[in-house]
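**Q** Would you be able to build a 3D model of this:
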Amino acid sequence: MHRALCPVEALYVGQRSRAVLSCTLRGPVDVAALSAAFDALTDANPTLRTRIVQEGTGHVLRLLDEDERPRLATRTGGVGDAYAAELNRPLPVGGPLSRAVLVSAPDGESHLFVLVVDHTVTDGHSSIALHNALWDRYRSLVDGERPAATGDAGPPPWPAPVSRLLPPADAADTAKYLEGRLAETRLHPVELVPYDVRRPSGTAGRSAGTDGHIEVSRLTLEADLTSRLRRTARASGVSVHALVAASLLAAARRRLDGDGPRTLGCLSPVDLRSRLSPPLPASAMVPAVTTHLQTLAVSRTSEPLELARAVHTRLSDFLTRGDHLHEMRITPEIPRNPALQLATVIATNMGAVPGPRLPSGLRAVDVRLVPAREQYFPQAGRSPVMACVVSFEGRLAIEFPHSTACFSPDFMRAFRDDVRTGLLRFATATAPEPAHAHAVTG
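**A** Sure thing, here's the model as predicted:
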């Protein structure tokens, strides 16, 4: 059995990007039950037990043989070292598109569970839903609940690509939208943050996979500060996403020379699931996301709240116009026109999501979602800064994954701390100005 990848899904094949969900646990874990829960999950979601195969000029998802399908891997070791190892372990083309690993400390009370899924078959929302569904299944097994009878429903169906769920559109309208987007990228080319890691001479042509490794700088806000940040956003008439984006843009501007305006780009992934008719549930294992790119003239003295208002207003207008649907339709043009998604900062936004529900005696100490990929292109000399934003159980977290061949850990820690300072200023604001929108040129 196989399913062809649509042009949008096929873009992820070359990127080799993946969602890395992890859960740090305290308490006893029933390995047999967790293994059974993962098997049930891959039974219900055929894309998790597939490989990518080239067929003609395109690619297809092909089911793995029974002895090749992914199974829960377990080992004993240090939890901290295990996370770094799993973050840097790829899902190569030709192999399974998912992986589940449980690493337990020798005392059997501390554990790290890692679920890795190729972005060809998932996005942030579906990977979080998948992670929670796995623990729901585990809890049911541990608590002795009997699974619901499925009868003779047959094998689960392949999920339809989101690009085929879009409403009809006039090809001329899509072409006109693309023409306008390309004109905008030529009119306002964005500046990128330079790498601080110098490449040795004679290595310009080497791939990023042979240089450095992936590390993550992490910013977290406790529940009280997260609530304060939300109150500031509401009082200012903007989203928390806009406050985060403004803090990222200000931090990026401080990494560029001079004091005057520089054209910076902010790329915001946009969830399509809730914007389709009928809505697509988070449990559907497909990448259901498009993007919004906006450019802003940012100086060292730009007022952060005004930046946030500009980001918020432009993104809201983008959605109101229905341009997110056009953006999805032109996604196959990105390889020919990479400037369509070239930004100074990338700010994802998963919103507030629940953590896993666990059986009595087992506690989730921490839950994380981090995007990772194989190619970071240190030879480019500069690139966007990626920030993965998600609030698990009311606590805001921003993950900054990066290759140490591009940005040094010290550089990214300083960037993270700069963003944190900006967010704390927002969170501790006692009386935000009345909400009003001011356009920022660029």
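**Q** Mind listing what's buried along stretch 220-240?
**A** Under the neighbour-count criterion of 16 or more other CB atoms under 10 Å, stretch 220-240 has 220-221, 225-226, 228-230, 232-233, 236-240 buried. Yep, even glycine has a C-beta here, placed from its N, CA and C like the rest.
**Q** Can I get those in a markdown table including pLDDT?
**A** Shown next, in a markdown table, are those (pLDDT from 0 to 100):
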| residue | pLDDT |
| --- | --- |
| Thr220 | 96 |
| Leu221 | 96 |
| Leu225 | 96 |
| Thr226 | 96 |
| Arg228 | 96 |
| Leu229 | 96 |
| Arg230 | 95 |
| Thr232 | 96 |
| Ala233 | 96 |
| Ser236 | 96 |
| Gly237 | 96 |
| Val238 | 97 |
| Ser239 | 97 |
| Val240 | 97 |
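**Q** In strands only, show me the residues you listed.
**A** Thr220 (DSSP state E).
**Q** Now for the buried residues of stretch 220-240: which two are most distant?
**A** Farthest pair in the buried residues of stretch 220-240 (CB to CB) is Thr220 and Gly237. Separation: 26.0 Å.
**Q** on that earlier part again, I'd like the buried residues of stretch 220-240 as a markdown table, with distance to Thr57 appended.
**A** Output for these, formatted as a markdown table (distance: CB to CB, whole Å):
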| residue | distance to Thr57 |
| --- | --- |
| Thr220 | 45 |
| Leu221 | 47 |
| Leu225 | 51 |
| Thr226 | 47 |
| Arg228 | 53 |
| Leu229 | 48 |
| Arg230 | 48 |
| Thr232 | 51 |
| Ala233 | 46 |
| Ser236 | 50 |
| Gly237 | 48 |
| Val238 | 45 |
| Ser239 | 41 |
| Val240 | 43 |
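**Q** Could you single out the nearest of the buried residues of stretch 220-240 to Met328?
**A** Checking the buried residues of stretch 220-240 one by one against Met328 (CB to CB), the nearest turns out to be Ser239, at 21.1 Å.
**Q** Tell me the spacing between that closest one and Arg230.
**A** As judged by CB to CB, to the nearest Å, Ser239 and Arg230 stand 9 Å apart.
**Q** Please enumerate the shared neighbours of those two.
**A** The contact sets of Ser239 and Arg230 do not overlap (CB atoms under 8 Å, 6 or more residues apart in numbering).
**Q** quick one: secondary structure of Thr295?
**A** Under the three-state scheme (DSSP: H, G, I helix; E, B strand; the rest coil), Thr295 adopts strand.
**Q** Any figure for the gap between it and Arg181?
**A** Distance, Thr295 to Arg181, using CB to CB: 12 Å.
**Q** Among these two, which residue is more densely surrounded?
**A** Ranked by neighbour count (other CB atoms under 10 Å), Thr295 and Arg181 place Thr295 first, with 22 against 18.
**Q** Next, the buried residues of the helix or strand bottoming out on mean pLDDT in the chain.
**A** Comparing every helix and strand of the chain by mean pLDDT, DSSP states H and E singles out helix 7-15 as the least confident one, with a mean of 87. Going by neighbour count (16+ other CB under 10 Å), the buried part of helix 7-15 is Val8, Glu9, Ala10, Leu11, Tyr12, Val13.
**Q** separation between the first one and Leu165?
**A** In other words, Val8. As judged by CB to CB, Val8 and Leu165 stand 11 Å apart.
**Q** which among the buried residues of stretch 220-240 gets closest to Pro269?
**A** Set against Pro269, the nearest of these by CB to CB is Ser239 (13.7 Å).
**Q** Nice, that's everything, thank you.
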